[in-house]
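[1] sequence unavailable; structure follows:
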């Protein structure tokens with residue numbers, strides 16, 4: 001029997017709650033084809049997990065976003081998230097020297113201090129916006145700490161990166177007049193200044209790091225490569241963590257019993273962050289370019305097709321997470337989820353995002369153990385790649 005299902009990733013109304021559609025696709029059309037936008041989609045956990053591990057068949061080299069893959073645009077060298085091995089491994093290894101567990105952990109006191117600075121003035125005010133008052137600021141400030149960008153300039157840098165993700169509601173990213181891939185030129189003046197004033201930050205390390213490139217030559221990053229590296233770090237690190245904090249406000253308001261458990265037992269916070277990323281992944285789908293003919297569930301997927309991998313559907317697959325897969329549960333037994341990706345493109349900043357999420361929840365719960373969100377003023381962000389809130393206002397006691 002053929003099941004008529006329509007999943008349009010640009011449908012604003014559907015995007016408010018895509019999970020009923022995801023569930024139908026996952027159970028009735030595990031290989032889905034959209035004839036309007038001409039893409040295939042996989043939704044079951046095992047299929048999405050396997051595809052993310054198979055970079056030879058599911059390539060990122062033409063982009064990881066549907067619009068970019070379909071546009072056929074030239075991907076600039078050094079765009080880490082749009083690369084395959086071996087070049088991806090070279091560039092990732094260079095960045096992994098910087099995102100070490102020691103360096104991430106060393107940021108905790110500074111992140112806590114900044115979070116307290118954001119929240120303390122709001123105590124007693126009766127209102128708190130999870131995104132505008134904290135979520136949109138904390139990741140930007142942390143990236144600024146890592147890159148060595150002065151506080152006064154950090155908002156400008158993040159606004160520039162966000163502008164490349166924003167779209168007109170219901171429209172593909174490639175219709176954004178600012179372009180789909182920022183070049184990182186916004187960092188040029190900081191690079192020039194840091195070259196003459198080295199410090200203990202990522203920018204200095206990337207300026208001076210030597211590595212063996214794909215030709216075997218030992219060299220430093222070219223200026224254009226360095227600019228792109230910084231752009232990827234700043235944009236990817238800020239956008240997704242902002243959305244995570246917004247979702248924390250909404251989901252925990254809807255589960256006050258579990259919020260109370262977190263207030264009383266802070267050892268649950270790491271599990272709560274994992275469950276939030278599983279339950280409401282900031283990136284609900286990612287796309288790949290299929291390099292060879294494939295077959296799923298008796299249907300053929302031709303080579304050169306765009307394949308959308310529905311992370312949001314896979315993260316609620318009962319085959320992986322049990323009969324309560326559609327339920328939020330901070331007490332859930334640990335299971336691998338796909339909210340940070342897996343395989344070659346596993347999120348390089350995952351430890352930092354987890355740290356920021358844990359600190360944000362810890363400090364919020366200290367000051368506001370109870371809250372109700374006001375969804376009448378809450379608004380989903382206008383991007384086709386990241387799903388989350390521009391604003392999540394709450395009334396607090």
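    Right, received. Where do you want to start? Model, not experiment: these values are computed from the prediction.
[2] could you give the mean pLDDT of stretch 319-327?
    On average, the pLDDT along stretch 319-327 is 97.
[3] quick check: buried residues in that stretch?
    Neighbour counts using 16 or more other Cβ atoms under 10 Å place 320, 321, 325 of stretch 319-327 among the buried residues. Bear in mind the C-beta positions are built from the backbone N, C-alpha and C, glycine included.
[4] end to end, how far does it reach?
    For stretch 319-327, the separation between the terminal residues is 14 Å (Cα to Cα, to the nearest Å).
[5] before we move on, what about stretch 327-341?
    In stretch 327-341, first residue to last residue: 21 Å (Cα to Cα).
[6] pipe the buried residues of stretch 319-327 into CSV and attach distance to residue 336 and secondary structure per row.
    Rendered in CSV, the data for the buried residues of stretch 319-327 read as follows (distance: Cβ to Cβ, whole Å; DSSP: H, G, I helix; E, B strand; the rest coil):
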residue, distance to residue 336, secondary structure
320, 8, helix
321, 10, helix
325, 13, coil
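[7] next one: stretch 55-65 to chain centre, how far?
    17 Å (Cα atoms, centre = their mean, to the nearest Å).
[8] and if you look at stretch 41-54?
    Taking the mean of its C-alpha atoms, stretch 41-54 sits 18 Å from the chain's own mean (Cα atoms, centre = their mean).
[9] what does stretch 351-366 give?
    Between the centre of stretch 351-366 and the centre of its host chain there is 16 Å, according to Cα atoms, centre = their mean.
[10] avg pLDDT for it?
    The pLDDT scores in stretch 351-366 average 96.
[11] so what touches it?
    Contacts with stretch 351-366, where a contact means Cβ atoms under 8 Å, 6 or more residues apart in numbering, come from 99, 101, 104-105, 107-108, 111-112, 115-116, 119, 128, 130, 134-135, 138-139, 142, 237, 240-241, 244-245, 248, 259, 262-263, 266, 269-270, 272-274, 276-277, 340, 347.
[12] return the subset of those residues lying in helices.
    With helices defined by DSSP state H, the entries of the contacts of stretch 351-366 inside them are 101, 104-105, 108, 111-112, 115-116, 119, 138-139, 142, 237, 240-241, 244-245, 248, 259, 262-263, 269-270, 272-274, 276-277.
[13] going through these, which ones are buried?
    104, 111, 115, 119, 138-139, 142, 237, 240-241, 244-245, 248, 259, 262, 269-270, 272-274, 276-277.
[14] what ranges do the strands span in the stretch 1-150 of the chain?
    Ranges of strands within the stretch 1-150 of the chain are 31-34, 39-42, 58-59, 127-129, based on DSSP state E, counting those that start in this stretch.
[15] dump the ones you listed to JSON lines, plus mean pLDDT.
    Converted to JSON lines, the strands of the stretch 1-150 of the chain look like this (pLDDT from 0 to 100):
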{"stretch": "strand 31-34", "mean pLDDT": "97"}
{"stretch": "strand 39-42", "mean pLDDT": "98"}
{"stretch": "strand 58-59", "mean pLDDT": "97"}
{"stretch": "strand 127-129", "mean pLDDT": "95"}
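[16] of all these, which lies closest to residue 373?
    Between residue 373 and the strands of the stretch 1-150 of the chain, the shortest gap by Cβ to Cβ is with strand 127-129, which sits at 9.6 Å.
[17] so what's residue 49 up against?
    Under the criterion of Cβ under 8 Å, 6+ apart, the neighbours of residue 49 are 314, 336, 338, 342.
[18] show me which of those is closest to residue 390.
    With Cβ to Cβ as the yardstick, the closest approach to residue 390 among the contacts of residue 49 comes from residue 338, at 24.8 Å.
[19] give me the phi and psi angles of that closest one.
    phi -110, psi 10 (degrees, to the nearest 10).
[20] still on that earlier bit, now tabulate the buried residues of stretch 319-327 in JSON lines and tack on distance to residue 396.
    JSON lines is the format used below for the buried residues of stretch 319-327 (distance: Cβ to Cβ, whole Å):
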{"residue": "320", "distance to residue 396": "35"}
{"residue": "321", "distance to residue 396": "31"}
{"residue": "325", "distance to residue 396": "31"}
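[21] residue ranges with poor pLDDT in the chain?
    Residue ranges of the chain with pLDDT under 70: 1-4, 78, 155-183.
[22] leaving out chain neighbours, which residue sits closest to the residue most central in space within it?
    For the chain, the residue nearest the mean C-alpha position is residue 240 (3.7 Å; Cα atoms, centre = their mean). Leaving out its chain neighbours, the residue that sits closest to residue 240 by Cβ to Cβ, 6 or more residues apart in numbering is residue 282, at 4.2 Å.
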